[in-house]
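*Asks:* Okay, here's the prediction I keep looking at, along with the sequence it came from:
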Amino acid sequence: MTASSVPPARPSPPVSSAPSASSVPPARPSPPARCSQPVRPVPPPASPGIAEDRPGRPRVTELRLSAFAGHRRAGLPLGPLTLLAGPSGHGKSTALRAYEALARLGAGIPVGEVFPDPLACVPERARPDAQRRRGFRIGCTTDGPEGPIRLDVAVQAEPTLRIVGERLSVDGLVLLETALRDPGRRQVQAAWHTAGQSPVTRAPLPDDRLGTALLPLRVAGKTDGQRRVLAAAEQTVVALRSVFACDPRPGRMRTPVPTGSGRLLGGCDNLADVLWRTQAECAKRHTQFVTAVRAGCGGPVTDVLAEPLTDRTLRALLDRGDGIRTDCGRLGDGELRYLALALVLFTGPGVLEVDPAGEVPAAMQTLTVLADNLDRAMDPGQRTELLRLAARMCDRGHIRLVGAVSDASWAAGVDGVTVVHLKP
């Protein structure tokens, strides 16, 4: 983060010394991506039960790609159900990857694990500075009990991968700010708001982890300022943590699978194993799931289940009634993807392979599903039914969905969908 891009913390002076503007582009106010209004305006909530009227549930309301791969100065508004639309090459998958990266950083995962190929995240036209440094910038805004909280992160990709700048702020007040002072040390200098006898507290933090995720271990919470910092950090981490990135792969869903953890993988390869678990856990939810599958799969469907085989593997089946069962391996790609995504929407962090904030009650968390190629291989009826199901589930407040599609014109008949048109 350049000194020019990090305004003075109020009431403290800024932490100086950061990578040059050529290595990590300076932050600028991000103009929003060209975003349509919700496809059909959603009426104002009639009661506090509507998802967006629950300030107790932190959620991400904007993704910022200041300088990330093919994106520059892009701000993507996110609602409960958002479709990122644009032809191939417009950066839809890249945006989802950036969101997932922020979620993993929020979980305290080292930057080297989050970005195994960091150079792929550097904008193509970014030129190294005199020290041969290049990097990228991402960020987000979360909303919740503490109001809109901004998080902006600058990552150096070469010559050494590290987090070189971070800023957590609310209403123009900088709550946490970090900057690289000595490139020879694997640490950054951090300053966080105190508002006590000393306006700020300064201390080194490691340069391979997100400082916001480390604050609960470093801030005592003795002053009002420190408590405000902790509350903002907690809101940001909770909003980011529960993310499930998925792109079902029908080719891997057709074969029997061994009994495992019963937690659904991102490719939905182990669909049969998860069905074996969920079909007996909640009869009401399973009945709703079967109803949804019936709307998206051809022919009669009376049940969706898993069956053990003699080699101790499991296969997924559709019960057609009258003793007829169809092996899911015989279904088309669109049917399998529809079935898998419907299962994702009906389950939660306990079933999906996600990393929820275990120290926070489930009632305070929101699961965000990142669905790449949301409508791939589906016919018009399947994709519309899936979107209607997603809208109903997102309206309950415990789940949000960001899906990537090449064209969102087919979503015109579904209430509550926010479409963000990406530009190359």
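*Replies:* Sure thing, it's come through.

*Asks:* Name the next helix or strand downstream of the longest helix anywhere in the chain, please.
*Replies:* The longest helix of the chain (DSSP state H) is helix 224-241. Sequence-wise, the next helix or strand downstream of helix 224-241 (DSSP states H and E) is strand 243-246.

*Asks:* then the helix or strand that contains Leu83 to PDB, C-alphas only?
*Replies:* Element membership of Leu83, judged by DSSP H and E, is strand 81-85. Extracted in PDB, the C-alpha atoms of strand 81-85 (Å, rounded to 0.1, in the frame of the first residue of the first chain):
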ATOM      1  CA  LEU A  81     -28.600 -13.500  -4.600                       C
ATOM      2  CA  THR A  82     -26.200 -12.100  -7.200                       C
ATOM      3  CA  LEU A  83     -25.400 -13.200 -10.800                       C
ATOM      4  CA  LEU A  84     -22.100 -12.100 -12.300                       C
ATOM      5  CA  ALA A  85     -22.800 -11.900 -16.000                       C
END
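
*Asks:* Strand partners (parallel or antiparallel) of that strand?
*Replies:* According to DSSP bridges, strand 81-85 has the following sheet partners: strand 399-405 (parallel), strand 418-421 (parallel).

*Asks:* can the ones you listed go into CSV with extra columns for mean neighbour count, mean pLDDT and distance to Arg73?
*Replies:* Every residue, glycine included, has its C-beta placed from N, CA and C. CSV is the format used below for the strands paired with strand 81-85 (neighbours: other CB atoms under 10 Å; pLDDT from 0 to 100; distance: least, CB to CB, whole Å):
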stretch, mean neighbour count, mean pLDDT, distance to Arg73
strand 399-405, 25, 96, 20
strand 418-421, 20, 95, 15
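
*Asks:* Which among those is found nearest to Ala411?
*Replies:* Proximity to Ala411 (CB to CB) singles out strand 418-421 among the strands paired with strand 81-85, at 6.6 Å.

*Asks:* what residues are up against Pro163?
*Replies:* I think there's a mix-up here, since residue 163 is Ile and not Pro. Val111, Val153, Ala154, Val155, Gln156, Thr178, Val188, Asp207, Asp208, Arg209, Leu210, Gly211 (CB atoms under 8 Å, 6 or more residues apart in numbering).

*Asks:* just to revisit the earlier point, counting neighbours, which bits of the longest helix of the chain end up buried?
*Replies:* Judged by neighbour count (16 or more other CB atoms under 10 Å), helix 224-241 contains these buried residues: 225-226, 228-241.

*Asks:* Between these, which sits nearest Arg400?
*Replies:* Closest approach to Arg400 among the buried residues of helix 224-241 (CB to CB): Ala239, at 9.8 Å.

*Asks:* That closest one and Pro58 touch, don't they?
*Replies:* Yes. Applying CB atoms under 8 Å as the test, Ala239 and Pro58 come out as touching, 3.8 Å apart.

*Asks:* before we move on, what SS does Ala154 have?
*Replies:* Of the three states, Ala154 takes strand under DSSP: H, G, I helix; E, B strand; the rest coil.

*Asks:* The residue nearest to it when sequence neighbours are not counted: helix or strand, and which one exactly?
*Replies:* Nearest non-adjacent residue to Ala154, counting by CB to CB, 6 or more residues apart in numbering: Gly165, 3.7 Å away. According to DSSP H and E, Gly165 maps onto strand 162-170.

*Asks:* Pairing partners for the helix or strand following that strand, with directions?
*Replies:* In the C-terminal direction, the helix or strand that comes right after strand 162-170 (DSSP H and E) is strand 173-179. Sheet pairing for strand 173-179, assigned by DSSP bridges, gives strand 162-170 (antiparallel), strand 187-193 (antiparallel).

*Asks:* nearest to Thr347, of the ones you listed?
*Replies:* In this view, those are compared for proximity to Thr347 by CB to CB, and strand 162-170 is the closest at 31.9 Å.

*Asks:* Report the angle between the closest one and helix 224-241.
*Replies:* Relative orientation of strand 162-170 and helix 224-241, computed by axes from the mean of the first three to the mean of the last three CA atoms, to 10 degrees: 110 degrees.

*Asks:* pLDDT (mean, whole number) over strand 162-170?
*Replies:* Mean per-residue pLDDT for strand 162-170: 97.

*Asks:* does the residue nearest to Ala154 really touch Val153, like I thought?
*Replies:* Yes. Using CB under 8 Å, Gly165 is in contact with Val153, at 7.3 Å.

*Asks:* Contact partners for the closest residue to Tyr99 other than its chain neighbours?
*Replies:* Among residues not flanking Tyr99 along the chain, Leu63 sits closest, at 5.5 Å (CB to CB, 6+ apart). Each residue near Leu63 by CB under 8 Å, 6+ apart is listed here: Gly75, Leu76, Leu78, Ala95, Ala98, Tyr99, Leu102, Ile138, Gly139, Cys140.

*Asks:* partner residues bridging the last one?
*Replies:* With beta bridges defined as DSSP bridges, Cys140 has these partners: Leu63, Leu151.

*Asks:* No further questions, thank you.
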